[in-house]
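Chemist: Kindly generate the corresponding structure for this input.
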Amino acid sequence: MDLDLTEAQKTLRDQARDLAAREIAPKAAEIDRQQRFPRQAIDLLAKSGMLGVTVPSVWGGLGLDTMACALMIEELASACASTAAIAGLQNLLVCEPILRFGTETLRRAWLPGLASGAKLGCFALTEPGGGSDLDGLATVARREGDAWVLCGTKSFVTGGPEAQVALVFAGTTTGGKTALSAFAVPTDTPGISFGPAYDKLGLRGAIASTMTLENARLPASALLGSEGGGREVIRFALDGGRIGAAALGVGIARAAFTAATHYAIDRRTKGTPIADHQAIQFKIADMSTHIDAARLLTWRAASSRDAGTPLGAQAAMAKLVASEVASRVASDAVQILGGNGCLADFPVERHFRDAKVMEIYEGTSEIQRLGIASVLLKE
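Modeler: Numbering: from 1, shown residues only. This is a model prediction of the structure:
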């Protein structure tokens, strides 16, 4: 793994850092409190090309790589985790699968709008009954002439009510055999509706809801990849999504760490900064060490993906460690602030809630461990 960033990667990182500090961070608490989709922030990202980081320039994107996207997401997450989650979703779970598996028709229809921010996407895999169990998905797509008709319900569809296209996974039957297929579904298709936004613990601006498909009729061209090839699309998308989630976790942890260290320096007891106490110093040392470890795992996974090297368990490892580091660091930050850490007036309270969601978002820690073990035991 090459730890030397390219000039293009560093430029995007610096642009994201500046935008996050100037425009996004000041509104993060309000977005969280109101559970409001960060429309203004997303529009600013769109103008900077940050919603199509890996999309080639021919389709209106920046033509960069996964590493650049991860760097950007970390910077955004250090300001507003909800905004970073939407940016990661757009880039890694919507644009990249369409770019990789879409026909020329699908790419032309969606990528320019997605890269420019004129259109937003969502990812519809999880279901109310079986979660993300690929063998238990109840949503089905049946072929009727030159059309596909989709029926089912999806849950936890992040950004769904704001999206113009959804990547939907459904069972299809060919020759008596049922397999999983993927579809790029316009959300204004008759028969598609979204429920009210969930009242969530964290990532409250990255609104999520149920998505219902009642005989939603799509053209044959909506199929993403091959019929029955949905598992390949899911594997590719989730590897990217987990790298993005890892970068998101690193950003949240970094924000909590920064807030805690500043507080420890400023807060005095008996005339002495609490940062002078060994107990606080131990926490700060551990927090910084764990953040760096999580970032390196994230960079390793991103670098491997960009090099075309089989990821194996790398994306799951990065996501697992980064999400748990975020939760631990945010918890320590609350402890350092004491009673103030429990108040919404201080940002570590929001970081604590966002970090906990990261242990569930994009696959729980338990699911990551099962996936890692599955890979290791086959080696």
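Chemist: need the helices for the chain, in chain order.
Modeler: With helices called from DSSP state H, the chain shows them at 7-19, 25-34, 39-47, 66-77, 81-88, 96-101, 104-116, 230-266, 278-307, 314-337, 347-358, 365-378.
Chemist: Same list (those helices) but as JSON lines, adding distance to Thr174 and mean pLDDT.
Modeler: Glycine gets a C-beta too; all of them are placed from N, C-alpha and C. Below are these laid out as JSON lines (distance: least, Cβ to Cβ, whole Å; pLDDT from 0 to 100):
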{"stretch": "helix 7-19", "distance to Thr174": "42", "mean pLDDT": "98"}
{"stretch": "helix 25-34", "distance to Thr174": "45", "mean pLDDT": "97"}
{"stretch": "helix 39-47", "distance to Thr174": "39", "mean pLDDT": "97"}
{"stretch": "helix 66-77", "distance to Thr174": "33", "mean pLDDT": "98"}
{"stretch": "helix 81-88", "distance to Thr174": "33", "mean pLDDT": "98"}
{"stretch": "helix 96-101", "distance to Thr174": "18", "mean pLDDT": "97"}
{"stretch": "helix 104-116", "distance to Thr174": "20", "mean pLDDT": "97"}
{"stretch": "helix 230-266", "distance to Thr174": "12", "mean pLDDT": "97"}
{"stretch": "helix 278-307", "distance to Thr174": "31", "mean pLDDT": "97"}
{"stretch": "helix 314-337", "distance to Thr174": "30", "mean pLDDT": "98"}
{"stretch": "helix 347-358", "distance to Thr174": "38", "mean pLDDT": "98"}
{"stretch": "helix 365-378", "distance to Thr174": "27", "mean pLDDT": "94"}
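Chemist: Select, out of those helices, the one closest to Thr178.
Modeler: Closest to Thr178 of the helices of the chain, according to Cβ to Cβ: helix 230-266, at 11.1 Å.
Chemist: so that closest one versus helix 365-378, what angle?
Modeler: 120 degrees (axes from the mean of the first three to the mean of the last three Cα atoms, to 10 degrees).
Chemist: quick one on the thing from earlier: make a markdown table from the helices of the chain and add mean neighbour count and distance to Ala222 to it.
Modeler: Shown next, in a markdown table, are the helices of the chain (neighbours: other Cβ atoms under 10 Å; distance: least, Cβ to Cβ, whole Å):
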| stretch | mean neighbour count | distance to Ala222 |
| --- | --- | --- |
| helix 7-19 | 17 | 32 |
| helix 25-34 | 17 | 33 |
| helix 39-47 | 18 | 24 |
| helix 66-77 | 29 | 26 |
| helix 81-88 | 30 | 23 |
| helix 96-101 | 22 | 11 |
| helix 104-116 | 19 | 8 |
| helix 230-266 | 25 | 13 |
| helix 278-307 | 18 | 26 |
| helix 314-337 | 26 | 27 |
| helix 347-358 | 25 | 31 |
| helix 365-378 | 14 | 28 |
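Chemist: possible to save those helices as TSV with distance to Ile207?
Modeler: Shown next, in TSV, are the helices of the chain (distance: least, Cβ to Cβ, whole Å):
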stretch	distance to Ile207
helix 7-19	21
helix 25-34	10
helix 39-47	11
helix 66-77	17
helix 81-88	8
helix 96-101	21
helix 104-116	18
helix 230-266	16
helix 278-307	25
helix 314-337	20
helix 347-358	13
helix 365-378	23
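Chemist: Quick one: closest of those helices to Gly160.
Modeler: It is, among the helices of the chain and with distance given as Cβ to Cβ, helix 81-88, at 11.4 Å.
Chemist: quick one: contacts for the nearest residue to Leu62 once chain neighbours are set aside?
Modeler: Leaving aside its sequence neighbours, Leu62 sits nearest to Gly49 (Cβ to Cβ, 6 or more residues apart in numbering; 4.6 Å). For Gly49, the contact set (Cβ atoms under 8 Å, 6 or more residues apart in numbering) comprises Gly61, Leu62, Ala115.
Chemist: Count the residues that sit near the second one.
Modeler: When neighbours are defined as other Cβ atoms under 10 Å, Leu62 has 23 of them.
Chemist: if we can go back for a sec, from the contacts of Gly49, which is closest to Asp266?
Modeler: For the contacts of Gly49, the nearest to Asp266 is Leu62 (39.0 Å; Cβ to Cβ).
Chemist: so what's the residue lying closest to Ala275 once chain neighbours are set aside up against?
Modeler: Residue nearest to Ala275 in three dimensions, not counting chain neighbours: Ala264, with 3.9 Å by Cβ to Cβ, 6+ apart. Going by Cβ under 8 Å, 6+ apart, Ala264 touches Pro273, Ile274, Ala275, Ile280, Ile284, Ile336.
Chemist: what sits against the third one?
Modeler: If a contact means Cβ under 8 Å, 6+ apart, then Ala275 has Thr261, Ala264, Ile265, Gln281, Ile284 as its contacts.
Chemist: With adjacent residues omitted, what lies nearest to the fourth one?
Modeler: It refers to Gln281. Per Cβ to Cβ, 6+ apart, closest to Gln281 is Ala275, 7.0 Å.
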